[in-house]
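Asker: Okay, sequence plus prediction incoming.
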Amino acid sequence: MSSVLGYLRNLFVSAVHGPLEVSAISTETLAHAVHPRSWRKPVRSRFARQILFGGVEATPFTVFAGAIIGVVLTLNSYQWLDFTGRVDFLAPALSILIIREAAPAFACVILVAASASAMTTEIATMRITGEIDLIESQGINLIQFLVLPRAIGLAVAGTALASIFVACAFAASAFTILLIGRISVGPFFDALFSAIVPADLLSLVGRGTVPAFLIGVICCRQGLDATGAASAIPQAVTRAMLESVAAVLVISAIFALVAYL
Amino acid sequence: MREGDTNPVLSISDAVLPSVGEPVNLTLWPGEIAHIAGFSIALAVLGIQPPVHGEVRFLGRTWEQRSVAESERDLGLVGTVINPRCHPARIWVGNLDVDENVMLAVQFDPSRSSARIAARANELALGFGLPEGLPQGRPSATDPGELVLSQWVRAFLRDPLRLLILENPLELAPRASVAALVREINRVRQSGSAVLWISETVPPFSELGLLQPADLQNPAFDPTNSSRKA
C-alpha cells in the first residue's frame, strides 16, 4: 500500500513540478518585463533578433499556411452551410473560425516548429559547454538576459503571425468565393468585417500572445535544465516541443471555456 | 586596507579547489595580492561550482548565505581573467562578438550608460595594446593574443572592483602589453582591490613590478607558497 501511495505521490510531484517551475519563471520574467531598467542593451538586442528569427523569418510560411487554411475552411463551410440552407452564415462562421481558432493556433504551432527547437538547442548547448556558468559568474541574471527577450519576443511574433494569418486567410476566402461564383465578394467582405467584434480581436491577441510567451519560457527552461553530455540536447528539444504543444492546447481550451461558457 | 574594512575581501578555509593539489587556506585583504598554484578555480571561488569541502567567503559571507540578487550584485564587484587554455565556451559566449562579450556584464549596471561603458572599454583596449580597440568579430575568428587582451579589458571594466582573479593572464599575451597590465593591477590595488593570481608556476612578482612595499612588510605574504596562511 505504501509503495502505491509513494508511486502516486511521485507521479503527482512530477506532474505538477513542471507547470510550477514554468509558472515561477513566467512570473519572474513578467516582473522583469515591466521594469524599463530590465531592458538593457543586450536584452533589447536579443529581443530584436528573436522577433526577426521567430516572426519575420516565419512570415512566408505563415502566408502560405493562412492561404491554404482560408481556402479549405471556406470550401468546407460553404459546403455544409449550403446543405443546411444557411449560406448567409458563411461570413460570421469564417470570422469566428479564422480569428478565434485557426489563426492563433496555427501561429503558435508555426512558432513551435520554427523556433522551439532552435531556442532549446541554443540554450542547452550553452548549459552543457559551460557558457551558462560563465554568464552566471559575471553576475548576470539568467531570466533577464536569456528568458525575457526570447519569451517577450515570441509573444510579439505570435500576435503578429496570427494577424498575418488572418489577413491571408481572409484574402484566400475571397478568392475561393470568386471561384465558387455563387456569392458576391463585396457583400461577403461586408458581412465578414461586420461579424468581427472586440472579443474576437481580444481573443486573437490573447491566444497569439500567451501561448507564444509560454513557448519561450518552456524552451528556455528545458535548455537550462539540460545536464551531462551532448546527448541531453535532443532530449531537451523533444521535451520542449511536446510541452509547448501541450501549452498551446491548454491555453486554447481555457480561452474557449471563458469565451463560450 | 581601507579604513572601515572589517572583513577580508576573500577568505578561503580548508577548501579543496579543482586543479589544486592541497586544501587551500587564504585570506586576502583589500590591496593585497596572492598566488595559488592551479589551472582554473574562478568558478569555485565565485560560488558557481562550490568546493565539495571547505568554505569560500567573499566580503565576509559565503555565496550560499546570499540571496540570488545579492550574489548577482556582489559578483559584479569581481573581475576575472579565465585561463586562456580553458575551453573557449568557458571564456566567451560564442554567439556574441568579442566587444559584446567584453561589455556584456557591465551593460546590466543601471548606473553606467552604454556610451560610457564603450568609451572606458575602448580606453582600456588601446592601453593594453589593441590598436583598433576591441575586436568586433566572433571569438572563434579572433586572434588568441587579442582574445587575452580583451579578457583583461573585461576584467578591469568592473567599477567598483573589489577582487581581481587572474588565471594565467600572461599566457598568449603580447610581451609589449605586460607593462600596461602591471600598471592597471597596481592602480586597482592602490584603490583597494585584492588580486588573486592563479597559475601553475609562481609568477616573478618582483620582476614584473607587482611587489609593493606593503607586500614586503607583510609577514604572511610569501608568493613562493601555493597557499597563504590565513
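Answerer: Nice, thanks for sending it over.

Asker: Now do stretch A:137-148: everything it contacts.
Answerer: A:25, A:28-29, A:32-33, A:38, A:42-43, A:46-47, A:123, A:132, A:135-136, A:216-217, A:220, A:224, B:42-43, B:46, B:48, B:68, B:71-76, B:78, B:80, B:104-105, B:108 (Cβ atoms under 8 Å, 6 or more residues apart in numbering or on different chains). C-beta coordinates here come from the backbone N, C-alpha and C atoms, glycine included.

Asker: Out of those residues, list just those in helices.
Answerer: A:25, A:28-29, A:32-33, A:42-43, A:46-47, A:123, A:132, A:135-136, A:216-217, A:220, A:224, B:42-43, B:68, B:71-75, B:104 (DSSP state H).

Asker: which stretches of chain B have low pLDDT?
Answerer: Scanning chain B with the threshold set as pLDDT under 70 gives B:1-5, B:213, B:216-230.

Asker: Which helix in it has the most residues?
Answerer: Counting by DSSP H, the longest helix found in chain B is helix B:114-128.

Asker: rewinding a little: can you select the buried ones among the ones in helices among the contacts of stretch A:137-148 for me in PyMOL?
Answerer: Those of these that meet the burial criterion (16 or more other Cβ atoms under 10 Å in any protein chain shown) are gathered into one PyMOL selection, given here:
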select buried, (chain A and resi 25+28+29+32+33+42+43+46+47+123+132+135+136+216+217+220+224) or (chain B and resi 42+43+71+72+74+75+104)
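
Asker: give the contact list for residue B:114.
Answerer: Contacts of residue B:114 by Cβ under 8 Å, 6+ apart are A:41, B:103, B:107.

Asker: And residue B:47, how far from residue B:197?
Answerer: From residue B:47 over to residue B:197 the distance is 20 Å, taken as Cβ to Cβ, to the nearest Å.

Asker: More neighbours: the two, which one.
Answerer: Ranked by neighbour count (other Cβ atoms under 10 Å in any protein chain shown), residue B:47 and residue B:197 place residue B:197 first, with 22 against 19.

Asker: what's the closest non-adjacent residue to the residue of chain B found nearest chain A?
Answerer: Nearest residue of chain B to chain A: residue B:75, at 3.1 Å (Cβ to the nearest Cβ). Nearest residue to residue B:75 in three dimensions, chain neighbours excluded: residue A:139, at 3.1 Å (Cβ to Cβ, 6 or more residues apart in numbering or on different chains).

Asker: In three-state terms, label the one you found for me.
Answerer: Here residue A:139 is recorded as coil under DSSP: H, G, I helix; E, B strand; the rest coil.

Asker: And for residue A:256?
Answerer: Residue A:256 - assigned by three-state DSSP - is helix.

Asker: Chain B versus that one, what's the distance?
Answerer: 38 Å (Cβ to the nearest Cβ, to the nearest Å).

Asker: What parts of chain B come near chain A?
Answerer: Applying Cβ under 8 Å from any Cβ of the partner chain, we find that chain B lies next to chain A at B:42-43, B:46, B:48-49, B:68, B:71-76, B:78, B:80, B:82, B:87, B:89-95, B:100, B:104-105, B:107-108, B:110, B:114.

Asker: wait, what's in contact with the residue nearest the centre of chain B?
Answerer: What sits nearest the mean C-alpha location of chain B, by Cα atoms, centre = their mean, is residue B:165, with 2.3 Å. For residue B:165, the contact set (Cβ under 8 Å, 6+ apart) comprises B:42, B:45, B:46, B:78, B:79, B:80, B:81, B:155, B:196, B:198.

Asker: so who does residue A:210 touch?
Answerer: Contacts here follow Cβ under 8 Å, 6+ apart; on that basis residue A:210 touches A:155, A:251.

Asker: redo that, cut-off 10 Å
Answerer: A:26, A:104, A:108, A:155, A:158, A:159, A:247, A:248, A:251, A:252, A:254, A:255 (Cβ atoms under 10 Å, 6 or more residues apart in numbering or on different chains).

Asker: try residue A:52
Answerer: Residues in contact with residue A:52 (Cβ under 10 Å, 6+ apart) are A:153, A:157.

Asker: Tell me where chain B has helices.
Answerer: Using DSSP H, the helices of chain B run over residues B:42-45, B:68-75, B:98-104, B:114-128, B:144-156, B:178-190, B:205-208, B:213-217.

Asker: how about the ones you listed, which one is nearest residue B:10?
Answerer: Across those, residue B:10 has its closest neighbour in helix B:42-45 (7.1 Å, Cβ to Cβ).

Asker: In PDB, could you pull the C-alpha coordinates for the closest one?
Answerer: C-alpha atoms of helix B:42-45 as PDB (Å, rounded to 0.1, in the frame of the first residue of the first chain):
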ATOM      1  CA  ALA B  42      37.400  31.000 -10.600                       C
ATOM      2  CA  LEU B  43      34.100  29.200 -10.800                       C
ATOM      3  CA  ALA B  44      34.800  27.600  -7.300                       C
ATOM      4  CA  VAL B  45      35.900  31.000  -5.800                       C
END
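
Asker: and residue A:34, how far is that from residue B:162?
Answerer: 31 Å.

Asker: Show me which residues of chain A sit near chain B.
Answerer: When proximity is defined as Cβ under 10 Å from any Cβ of the partner chain, chain A approaches chain B at A:28, A:35-38, A:40-46, A:49, A:122, A:125-126, A:128-145.

Asker: who touches the nearest residue to residue B:134 once chain neighbours are set aside in this structure?
Answerer: Excluding its sequence neighbours, the residue lying closest to residue B:134 (Cβ to Cβ, 6+ apart) is residue B:99, at 3.9 Å. Contacts for residue B:99 (Cβ under 10 Å, 6+ apart) come out as B:118, B:121, B:122, B:125, B:133, B:134, B:135, B:136, B:137, B:150, B:153.

Asker: Leaving out the residues flanking it, which one is nearest to residue 214?
Answerer: Because you didn't say which chain, this covers chain A. residue A:247 is the one closest to residue A:214 (Cβ to Cβ, 6+ apart), at 4.4 Å.

Asker: ah, no, chain B please
Answerer: residue B:31 is the one closest to residue B:214 (Cβ to Cβ, 6+ apart), at 6.7 Å.

Asker: Looking at residue A:34 and residue B:162 now, which is surrounded by more residues?
Answerer: residue B:162 (20 against 7).

Asker: Please report the distance of the residue in the stretch 151-261 of chain A positioned nearest to chain B from residue A:222.
Answerer: Distances between the stretch 151-261 of chain A and chain B by Cβ to the nearest Cβ are smallest at residue A:230, namely 12.1 Å. Separation of residue A:230 from residue A:222 (Cβ to Cβ) stands at 15 Å.
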